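Visitor: I need the structure of the sequence given here:
(chains A and B)
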Amino acid sequence: MHVAVYLPLLFPLPAALLARPVGERLPPRPATWLLTVGALVLAAAGTAALGMLAVTGLIRIPLLARLSHHHWSVLAAQHHDPASLSTALLAGTLAAAVTLLAGRMLWLRARTLAEAASEAACLPGNDQLVVLDDPAAEAYAIPGRPGRIVISTGMLDALDPIEHQVLLAHERAHLSQRHHLFVACAQLAAAANPLLRPLAHAVGYTVERWADETAGAAVGDRARVARAIGKAAIASRRTADQPGRRLPAAVLGFLGRLRPAPLPGPVPRRVTALLAPVPRRPAWPALVLGALALAAAACALEAGLDLDALLDLVKRAATGHGAH
Amino acid sequence: MSMGVPEPAPPEGRAKGELEAAILAALHQAAPTALTPGEVQRRLAGPLAYTTVVTTLSRLQGKGLLSREKRGRAYAYTPVADESGLAARQMRKVLDGRSDRAAVLTHFVDELSDDDEELLRRLLDLGS
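Guide: Numbers count the residues shown, from 1 in each chain, chains lettered A, B, ... in the order given. All right, here's what the predicted structure looks like:
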């Protein structure tokens, strides 16, 4: 085991710093793909590295070797493996914790998605759109087969007919482009490695941007989309201010509020992005993030080959063939 | 408590919301038949002034919850959303408590801070 096994554990740090620039400077669709796949690759490489370190620890334990009828040589393992036993134990504990956390997140999300799908099926009517008689202005999409779009009468009142089209196009984009799956994958990565949370947070933002740009293309006017978002956000704040009412938590409530107070929130950032020209060229943060993910995968692969060679060696040492 | 109060005071605050709910429920029960204010008044428990019922019905109609049609000299009202729509709303309120659920729904807009709203108004020239 060489330095290659430790590198995938370090790459999430620079990746976390790049998450926000990538989300802001890349067009939303490639940004969503890059952040989601990048987060998954980094999480998988890190988890694999922890697992491999743990295995190198296990094969150094004489008791385990005895239990397996000396299937491998402990002496050879101790001689050839530079990772210390305490490192391996720590890695093993972390690998177990990571697997548990990611498994728990997957289970919860699968259950919530199934509930959402049954709720979408139970909503009244056969149309994709459901109007709720609720003075609080809100609108959201529920993924399902088929997904549904829920809009309150309060939200309809706050917007003009073209803005209704914007809102519908935005929510339809969420459903047809399956944005909830991108968010779930990125959050799975963040559950396995908390250092990747900024990437998951950025995906929550880029899927909104993606839906905004799809709506802009649908109505042929991006500034109109900006205005609709601004009016809707202010209306939902006004109507949610009534005592006893609470707006459902925003997307990514699962990870808590990561937004520092003095920075503009996602809504003004979306509006600003729509009022500016469409970003076209890949920005350097995207290239660096992509390179980090590739490097993490390569390091994990290299470490895997190293481990394979080590296991081969200690087995041969045990059987006496080709032991050095 | 004297028995013969001629005209109850117009309902305020919470009582107003309860009256709206009671009237909506009566209209949902009668749907698809539309009800005039007089018919609504007769279906509600407790003494209620005719004018209070008319005011509440027109307020609900103004909110887009009721549609109305001319019947004789009065309007007859029907609810816009059906009972299952109300049930869906109740169900959603219960499920909103689950934090994981928020990550599954994709809301059109996130919550705003004071600074956010100020910034939005400047960006979009919305006035205040």
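Visitor: Just the strands from chain B, written as ranges.
Guide: Residue ranges of the strands in chain B, as given by DSSP state E, are B:66-71, B:74-79, B:106-107.
Visitor: who does the last one touch, helix- and strand-wise?
Guide: Strand B:106-107 is packed against strand A:139-142, helix A:197-219, with contacts defined by 3 or more Cβ pairs under 8 Å, 6 or more residues apart in numbering or on different chains; DSSP states H and E. Using the backbone N, CA and C atoms, a C-beta is placed for each residue, glycine as well.
Visitor: quick one on the thing from earlier: mind putting the strands of chain B into CSV with mean pLDDT and mean neighbour count?
Guide: Listed next are these as CSV, based on pLDDT from 0 to 100; neighbours: other Cβ atoms under 10 Å in any protein chain shown:
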stretch, mean pLDDT, mean neighbour count
strand B:66-71, 83, 14
strand B:74-79, 85, 20
strand B:106-107, 79, 24
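Visitor: Now residue 27: closest residue in space that isn't a chain neighbour?
Guide: If you meant another chain, say so; for now it's chain A. Leaving out its chain neighbours, the residue that sits closest to A:P27 by Cβ to Cβ, 6 or more residues apart in numbering or on different chains is A:P279, at 5.5 Å.
Visitor: my bad, the chain I had in mind was chain B
Guide: Nearest to B:L27 is B:P79, by Cβ to Cβ, 6+ apart, at 4.9 Å.
Visitor: what's near enough to touch the one you found?
Guide: Contact analysis of B:P79 by Cβ atoms under 8 Å, 6 or more residues apart in numbering or on different chains lists A:133, B:24, B:27-28, B:31, B:65-66.
Visitor: now do 6 Å
Guide: B:27-28, B:31, B:66 (Cβ atoms under 6 Å, 6 or more residues apart in numbering or on different chains).
Visitor: cool, and B:A31?
Guide: B:78-79.
Visitor: For it, give me the pLDDT.
Guide: Confidence at B:A31, expressed as pLDDT, is 72.
Visitor: how close does it sit to chain A?
Guide: 13 Å (Cβ to the nearest Cβ, to the nearest Å).
Visitor: From B:V80, how far out is that residue?
Guide: In this view, B:A31 and B:V80 are 10 Å apart by Cβ to Cβ, to the nearest Å.
Visitor: Tell me what the residue nearest to B:L27 is bridged to.
Guide: Beta-bridge partners of B:P79, counted by DSSP bridges, are B:L66.
Visitor: Compile the strands of chain B into CSV and extend it with columns for distance to B:V53.
Guide: What follows is the strands of chain B, written out as CSV (distance: least, Cβ to Cβ, whole Å):
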stretch, distance to B:V53
strand B:66-71, 12
strand B:74-79, 10
strand B:106-107, 36
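Visitor: And the ones you listed: which comes nearest A:G220?
Guide: strand B:106-107 (22.8 Å; Cβ to Cβ).
Visitor: Strand partners (parallel or antiparallel) of the closest one?
Guide: By DSSP bridges, strand B:106-107 pairs with strand A:139-142 (antiparallel).
Visitor: Let me know the average pLDDT across the strand it pairs with.
Guide: On average, strand A:139-142 scores 87.
Visitor: Dump the C-alpha coordinates for the helix or strand just after it into PDB.
Guide: Remark: after strand A:139-142, the chain's next helix or strand is strand A:148-152, criterion DSSP states H and E. Extracted in PDB, the C-alpha atoms of strand A:148-152 (Å, rounded to 0.1, in the frame of the first residue of the first chain):
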ATOM      1  CA  ARG A 148     -47.500  15.700 -10.200                       C
ATOM      2  CA  ILE A 149     -47.200  19.400  -9.900                       C
ATOM      3  CA  VAL A 150     -48.900  21.100  -7.000                       C
ATOM      4  CA  ILE A 151     -49.700  24.800  -7.100                       C
ATOM      5  CA  SER A 152     -51.700  26.800  -4.500                       C
END
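Visitor: Can you give the distance from strand A:148-152 to the centre of its chain?
Guide: 25 Å (Cα atoms, centre = their mean, to the nearest Å).
Visitor: Now do that strand: which elements does it pack against?
Guide: Contacts defined by 3 or more Cβ pairs under 6 Å, 6 or more residues apart in numbering or on different chains; DSSP states H and E place strand A:148-152 against strand A:129-132, strand A:139-142.
Visitor: would you list those in JSON lines and tack on mean neighbour count?
Guide: Listed next are the helices and strands packed on strand A:148-152 as JSON lines, based on neighbours: other Cβ atoms under 10 Å in any protein chain shown:
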{"stretch": "strand A:129-132", "mean neighbour count": "19"}
{"stretch": "strand A:139-142", "mean neighbour count": "26"}
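Visitor: nearest to A:R25, of the ones you listed?
Guide: It is, among the helices and strands packed on strand A:148-152 and with distance given as Cβ to Cβ, strand A:139-142, at 26.4 Å.
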